[in-house]
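A.B. asks: Generate coordinates for the sequence data below:
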Amino acid sequence: MHQKIEHISVLIAEDEHELREYFAEYLQIFFKTVYQASCGREALEIYKVKKPDIIVADINMPNLDGLSMIESIRQHDKTTKVIIATAHSEKEKLLKAIELHLVRYLIKPIHSDTLKELLFSLVAEIENEKSTVILKEGFVWDQKHQTLQHNGHNIHLTKREQRLLNLMLRKPNRSISNEDIYYTVYADQPEKEFSIHALTSLIKRLRTKLPDNTITSNYGVGYIVHTK
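C.D. replies: The predicted structure is shown next:
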């Protein structure tokens with residue numbers, strides 16, 4: 001039995017009760033958290049409270065149609081993944097959906113395997129987006145591959161610099177103690193005694209590869225890395 005995806009939630013908005021129940025049960029095979037809404041207004045309220053990662057919405061729903069619901073969301077949220085379900089005959093509505101930066105659309109009737117394939121592609125997109133941290137001036141840290149890039153070009157980092165940046169970017173904009181930094185960076189040398197000189201030298205070298213004031217000192221305590 002495969003493991004359910006726990007860190008990504010899905011909202012399905014569909015006014016046909018049986019169809020909604022069917023797809024909700026199907027999605028619960030793969031996702032731990034699946035929300036249901038029977039109309040656009042209910043879906044919008046769930047979105048505001050639960051902030052699902054992916055929304056699957058019918059284009060035609062009572063109270064608030066799918067496009068109006070997404071339009072409301074897109075006024076302040078351009079990142080939540082959205083799949084809109086529509087009929088072949090609704091070309092004008094489909095064009096409107098594309099204007100609203102919808103990620104994907106499905107033509108009814110929707111087949112389970114098609115929906116599954118699309119959802120898993122969005123899961124991959126979300127995981128990839130979450131693995132990157134945006135710094136200042138076009139610098140990006142890729143946590144998955146442990147690489148620092150500037151405008152698409154890799155910046156060479158030593159293993160210790162990688163460990164240092166990775167540790168600090170797990171807790172961005174927060175002070176991390178000198179001791180926590182040192183013993184993480186030198187985890188491969190447990191016999192090595194704490195050295196503030198070694199730590200400050202490493203910080204100094206890493207700073208030269210980052211925009212000004214990306215890493216600042218919390219005097220006597222530790223250091224802070226600042227994200228965009």
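A.B. asks: Number of residues surrounding residue 119?
C.D. replies: Neighbourhood size, residue 119 [other CB atoms under 10 Å]: 21. In short, each C-beta sits where N, CA and C put it, glycine included.
A.B. asks: Let me know how buried the residue lying closest to residue 213 once chain neighbours are set aside is, in neighbour terms.
C.D. replies: Closest residue to residue 213 apart from its sequence neighbours, by CB to CB, 6 or more residues apart in numbering: residue 226 at 6.7 Å. Using other CB under 10 Å, the number of residues around residue 226 comes to 15.
A.B. asks: Now do the contacts for residue 226.
C.D. replies: Counting by CB atoms under 8 Å, 6 or more residues apart in numbering, residue 226 makes contact with 136, 172-173, 213-216.
A.B. asks: tell me the pLDDT at it?
C.D. replies: Residue 226 carries a pLDDT score of 92 in this model.
A.B. asks: ok, now residue 190?
C.D. replies: For residue 190, the pLDDT comes out at 81.
A.B. asks: And the residue positioned nearest the centre of the chain, how far from residue 104?
C.D. replies: Taking CA atoms, centre = their mean, the centroid of the chain lies closest to residue 130, which sits 3.7 Å from it. In this view, residue 130 and residue 104 are 19 Å apart by CB to CB, to the nearest Å.
A.B. asks: what's the answer for residue 208, then?
C.D. replies: 43 Å.
A.B. asks: tell me which strands and helices the worst-scoring helix or strand of the chain on mean pLDDT is in contact with?
C.D. replies: The weakest-scoring helix or strand in the chain, judged by mean pLDDT, DSSP states H and E, is helix 91-99 (a mean of 73). Applying 3 or more CB pairs under 8 Å, 6 or more residues apart in numbering; DSSP states H and E, we find helix 91-99 packed against helix 66-74, strand 81-86, strand 104-107.
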